[in-house]
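S.K.: let me see the structure of the following:
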Amino acid sequence: MRFKRPSGRRRRALALLGAGALLTGSVYSLGPATATASSHREAPLIAADPAVDNTDLYAFVSPDRPGYVTFVANWQPFSEPNGGPNFYPFATDATYHIKVDNDGDARPDAEFRWKFRNIDKRGNDTFLYNNGPVTSLDDENLLFKQTYSLESSFNGEPFKTRVRNAPVAPSRVGPASMPDYQTLRDQATQTLPGGWNIFAGQADDPFFLDLRVFDFLYGGDLSETGQDTVSGYNVNTIAIQVPFKDVALKGDAGRNPVIGVWTTTERDRVRITGSDSGSGGKVQVSRLGNPLVNEVVVPAGLKDAFNASPPRRDAQTPALVKRVLEPEVPKLIEAIYGIPAPPTPRNDLSEIFLTGITTKAGGPIKADLNSQLNNKDVKASQFQPAEELRLNLSVPVAGQPNRLGVLGGDLQGFPNGRRLADDVLDIELQALVGAAQTGKLVDALAAGDKVDANDQDFGDAFPYVALPNGVGVNTVGQPGGSAPSASASTSASPAGVAASPAAASSSRAATVPVAYAATGASGLGVLIVAAGLVLFLRRRRRTLPAAPTRAFPEDDRTIPL
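M.R.: Have a look, this model is predicted:
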């Protein structure tokens, strides 16, 4: 089929459409809270940007180290072990954050920030991640690796660099490439001055649940349960262990044991494709506190806005507060299974997700557990309800942890922080149907999703997460396949691929508003933009005078649109 050249009028129209679409994207990207989402592909925008998609956050008192708290945050959901050749690096044009609020004003009082860097020795010679067995992180056979810097800020002070060029545990390539992955994990786990333990790298996804809840809540008859949806998949993990005094209000965990935690990811507001540089400042593109809130509490129309906003705005967002006080899931359970939904407003859920559990908030849960209002030095007048994962550092480590946490009589479990083994789906399902109000489990849903534990054993020392899976998810139980093993060094093919010659020779980088970079424009929109720009540039080339032949000095000033 021959392409018919557009008429002059049509060319001008396409040029205007293209320019308009481009400007629309630029204006959109410069507005507040433009791009975002998180937790296992839970919101529309972030699903196209998995490297900065936060899946889960864990916060718990370190069971083997008294006086220390551990934070574990994960990104890059559903990382299939055989996902070569690019595999799953951290984004180098993003910053990853863990934030702690100890005075209840919904603003960070302690903040930890990670930035990643690539060391890529492949060039145009190979697509391989490694060209021989990798026995250490310094092995010359490891052609692609990452390092990171960690910075911290306390009480609003400027960020201070705690470490530079710390090594990242790489994506797990097969047994021939990485015969002893535990050694690589150990080398990526480091101790810093002040007693901090740090780790960044790939790990088994510690979340366990049956996600067929979206198929009319497990098939409409609870027949679709018992399948761990994320079994066999990996994530990118950042873990840090710090003393209580570094995160407690006034450094005193005795008087002020309760903290609230959330994690975010930020990108440059305008990204330059093919480059780690950008402009326009940073914009938040992912946020996560309590598990499953954005997946099953927040409606589709609010998901992206929720993830782009800071916790201090939660209480001023009526639509969000309404979804907590009048949740959808209990109504669905009542309609499908005939289990009566508790009456609204659900002030018990407000305590769990927005204020923490305390008698000082006047809610129906008569306990003082994990609200910053319980800290002795908190000013109640400055307290702001906000969606945070709250943890009481003074609750003793459970000798025999119960997977149902507080609902199972184990006060150290979720929603008082979150341990790796807490069965948060079953806990939240019970809470949504009223168990937190009555103190009794709803028998009809006692079995939950029938996924009660992770498929891999967790470690008993920092960073606690299991080693990344090394067997392709689609090979488990099949001929030639086997069950995933955290100890067996099996996996996929190499990670990372060299840039194509065409890409390497290109000297012109494209400017992409972060909103479009995160979502991907529709095919029609891309064609309109591309066609419009081509015709616009051709028209300018015909009408503009020839460029002067003499050279001008380089001018690196940024010209605003």
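S.K.: which element is Ser350 on?
M.R.: Counting by DSSP states H and E, the element that carries Ser350 is helix 347-350.
S.K.: does anything pack onto that helix? Which helices or strands?
M.R.: helix 318-325, helix 424-432, helix 435-438 (3 or more CB pairs under 8 Å, 6 or more residues apart in numbering; DSSP states H and E). All C-beta spots, glycine's among them, are computed from the backbone N, C-alpha and C.
S.K.: give me the contacts around it.
M.R.: Around helix 347-350, the neighbours that count as contacts under CB atoms under 8 Å, 6 or more residues apart in numbering are 321, 324-325, 327, 342, 361, 363-365, 385, 431-432, 434, 436-437.
S.K.: what is the lowest-pLDDT residue among these?
M.R.: Lowest pLDDT among the contacts of helix 347-350: Ala361, with 83.
S.K.: setting the sequence-adjacent residues aside, check what's closest to Asp101.
M.R.: Excluding its sequence neighbours, the residue lying closest to Asp101 (CB to CB, 6 or more residues apart in numbering) is Gly260, at 4.2 Å.
S.K.: neighbours around Leu369, how many?
M.R.: Using other CB atoms under 10 Å, the number of residues around Leu369 comes to 20.
S.K.: apologies, that question was intended for Pro170.
M.R.: 27.
S.K.: got the contact list for the spatially closest residue to it that is not a sequence neighbour?
M.R.: Leaving aside its chain neighbours, Pro170 sits nearest to Lys145 (6.0 Å; criterion: CB to CB, 6+ apart). Going by CB under 8 Å, 6+ apart, Lys145 touches Asn118, Ile119, Leu137, Pro167, Val168, Pro170.
S.K.: need these in a markdown table (columns: secondary structure, distance to Pro396 and pLDDT).
M.R.: Converted to a markdown table, the contacts of Lys145 look like this (DSSP: H, G, I helix; E, B strand; the rest coil; distance: CB to CB, whole Å; pLDDT from 0 to 100):
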| residue | secondary structure | distance to Pro396 | pLDDT |
| --- | --- | --- | --- |
| Asn118 | strand | 43 | 97 |
| Ile119 | strand | 44 | 96 |
| Leu137 | coil | 37 | 97 |
| Pro167 | strand | 35 | 98 |
| Val168 | coil | 34 | 98 |
| Pro170 | coil | 37 | 96 |
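S.K.: for PyMOL, write the select line for the buried members of those residues.
M.R.: Burial among the contacts of Lys145 is assessed by 16 or more other CB atoms under 10 Å; the matching PyMOL selection reads:
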select buried, resi 137+167+168+170
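S.K.: now the contacts of Lys145 as CSV including distance to Ser153?
M.R.: Formatted as CSV, the contacts of Lys145 follow (distance: CB to CB, whole Å):
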residue, distance to Ser153
Asn118, 25
Ile119, 27
Leu137, 28
Pro167, 24
Val168, 22
Pro170, 29
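S.K.: right, and the pair among the contacts of Lys145 with maximum separation?
M.R.: Maximum pairwise distance among those (CB to CB): 14.2 Å, between Asn118 and Leu137.
S.K.: ranges for the helices of the stretch 201-350 of the chain?
M.R.: 216-217, 293-296, 300-308, 318-325, 329-337, 347-350 (DSSP state H, counting those that start in this stretch).
S.K.: so what does the shortest one touch, helix or strand wise?
M.R.: Spelled out, that is helix 216-217. helix 329-337.
S.K.: so where's the stretch 301-450 of the chain shaky on pLDDT?
M.R.: Across the stretch 301-450 of the chain, nothing is flagged by pLDDT under 70.
S.K.: so for Val270, which of the helices and strands packed on helix 347-350 sits nearest?
M.R.: Of the helices and strands packed on helix 347-350, nearest to Val270 by CB to CB is helix 318-325, at 28.0 Å.
S.K.: need the residues that contact the closest one.
M.R.: 297-299, 302, 306, 314-315, 344-347, 349-350, 353-354, 385.
S.K.: ok now it, how far from the chain's centre?
M.R.: 23 Å (CA atoms, centre = their mean, to the nearest Å).
S.K.: got it, and stretch 429-437?
M.R.: Counting by CA atoms, centre = their mean, stretch 429-437 comes out at 26 Å from the chain centroid.
S.K.: compute the first-to-last residue distance for that stretch.
M.R.: Between the opening and closing residues of stretch 429-437 there is a gap of 13 Å (CA to CA, to the nearest Å).
S.K.: of all the residues in it, which ones are buried?
M.R.: Applying 16+ other CB under 10 Å to stretch 429-437 flags Leu429, Gln430, Ala431, Leu432, Val433, Gly434, Ala435, Ala436, Gln437 as buried.
S.K.: which regions of this protein sit below the pLDDT cut-off?
M.R.: 1-48, 271-280, 476-561.
S.K.: hey, where'd the strands end up in it?
M.R.: 54-61, 68-79, 94-101, 110-120, 144-154, 160-167, 190-191, 197-204, 234-243, 258-272, 278-288, 389-392, 511-513 (DSSP state E).
S.K.: now the third one against strand 197-204, angle please.
M.R.: In terms of direction (axes from the mean of the first three to the mean of the last three CA atoms, to 10 degrees), strand 94-101 departs from strand 197-204 by 120 degrees.
S.K.: use 55 as the first number from now on
M.R.: I'll keep to 55 as the first residue from here, and by that count the last item is strand 148-155.
S.K.: so which elements touch strand 148-155?
M.R.: Using 3+ CB pairs under 8 Å, 6+ apart, strand 148-155 is in contact with strand 122-133, strand 164-174, strand 288-297, strand 312-326.
S.K.: how far off centre is that strand?
M.R.: On CA atoms, centre = their mean, the centre of strand 148-155 falls 10 Å from that of its chain.
S.K.: ok, now stretch 338-351?
M.R.: Distance, centroid of stretch 338-351 to centroid of chain: 9 Å (CA atoms, centre = their mean).
S.K.: got the helices of the stretch 255-404 of the chain as CSV, with distance to Trp168 columns?
M.R.: Listed next are those as CSV, based on distance: least, CB to CB, whole Å:
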stretch, distance to Trp168
helix 270-271, 37
helix 347-350, 22
helix 354-362, 19
helix 372-379, 28
helix 383-391, 34
helix 401-404, 32
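S.K.: any chance of JSON lines for these, columns mean neighbour count and distance to Gly210?
M.R.: Below are the helices of the stretch 255-404 of the chain laid out as JSON lines (neighbours: other CB atoms under 10 Å; distance: least, CB to CB, whole Å):
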{"stretch": "helix 270-271", "mean neighbour count": "16", "distance to Gly210": "44"}
{"stretch": "helix 347-350", "mean neighbour count": "21", "distance to Gly210": "27"}
{"stretch": "helix 354-362", "mean neighbour count": "20", "distance to Gly210": "22"}
{"stretch": "helix 372-379", "mean neighbour count": "16", "distance to Gly210": "26"}
{"stretch": "helix 383-391", "mean neighbour count": "16", "distance to Gly210": "38"}
{"stretch": "helix 401-404", "mean neighbour count": "21", "distance to Gly210": "28"}
